[in-house]
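[1] the following comprises the amino acid sequence and a computationally predicted model.
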Amino acid sequence: MFWTTVDSPIDPLLLVGDETGLRELQMEPHEPPAEAVRDDDALAPVAAQLRDYFAGARTRFELPLSPHGTAFQQKVWLALREIPFGRTTTYGQIAVDLGQPTASRAVGLANGRNPIPIVIPCHRIIGANGTLTGYAGGLPRKQLLLELEQDALF
């Protein structure tokens, strides 16, 4: 495994990857895995796409990803990647989309365990009543990401 950091408007981000793709994106505070070595070049394409995203020049990431999780978590994370840039949805809608309409709480748990936020856009999930709900990076970061995407659309 290897790691690097990239500056962003929501604090420096830690990127962790392996030979198959990006495994983790951590917001501060962060600590690289003990077995990982720093390799800025290996993660340069990820860093470049993140910089483009934060500049409003990228609406979709085109990266090999390698998130580790259960089969259900993987399904949820794949569904999150289908939420269009600048749009939001709910845990309940994702559950319906997965053919499991009673699984909104499980979707919420999987969303909270997303190891690659921003790239796998868990920030695009809001409460059923339209309000911002929990975000591992904190609600101010979630608000900033949603505003960044709205601003890039106009």
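    Noted; the coordinates are in hand.

[2] now do the contacts for the closest residue to Thr20 other than its chain neighbours.
    Nearest residue to Thr20, sequence neighbours excluded (CB to CB, 6 or more residues apart in numbering): Ser66, at 4.4 Å. C-beta here means a position set from N, CA and C on the backbone, and glycine is covered the same way. By CB atoms under 8 Å, 6 or more residues apart in numbering, the residues touching Ser66 are 17-18, 20-23.

[3] roughly how far apart are the spatially most central residue of the chain and Asp39?
    Centroid-nearest residue in the chain, with CA atoms, centre = their mean: Pro117, separated by 2.0 Å. To Asp39, Pro117 is 21 Å away according to CB to CB, to the nearest Å.

[4] same question for Leu78.
    Per CB to CB, Leu78 is found 27 Å from Asp39.

[5] next one: Ser104
    On the measure of CB to CB, Ser104 and Asp39 end up 39 Å apart.

[6] just to revisit the earlier point, how about the contacts of Ser66 in CSV, adding pLDDT?
    Putting the contacts of Ser66 into CSV (pLDDT from 0 to 100) gives the following:
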residue, pLDDT
Gly17, 97
Asp18, 96
Thr20, 95
Gly21, 96
Leu22, 98
Arg23, 97
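
[7] quick one: buried ones out of these?
    Buried by 16 or more other CB atoms under 10 Å: 17, 22-23, out of the contacts of Ser66.

[8] what sits against the residue of the chain most remote from its centre?
    In the chain, Thr102 marks the outermost C-alpha relative to the chain mean, sitting 23.8 Å out by CA atoms, centre = their mean. Residues in contact with Thr102 (CB under 8 Å, 6+ apart) are Ala95.

[9] and the helices in this protein?
    Ranges of helices in the chain, per DSSP state H, are 44-54, 71-80, 91-97, 104-112, 139-153.

[10] of all these, which lies closest to Trp3?
    Smallest distance to Trp3 across the helices of the chain (CB to CB): 10.7 Å, for helix 44-54.

[11] where does pLDDT dip in this protein?
    For the chain, no stretch is flagged by pLDDT under 70.

[12] pretty sure Asp18 contacts Phe2?
    Yes. Here Asp18 reaches Phe2: they are 7.4 Å apart, a contact under CB atoms under 8 Å.

[13] residue contacts, the residue nearest to Leu25 when sequence neighbours are not counted?
    Spatial nearest neighbour of Leu25, chain neighbours left out: Ile116 (4.8 Å); criterion: CB to CB, 6+ apart. The neighbourhood of Ile116, defined by CB under 8 Å, 6+ apart, consists of 22-25, 65, 67, 77.
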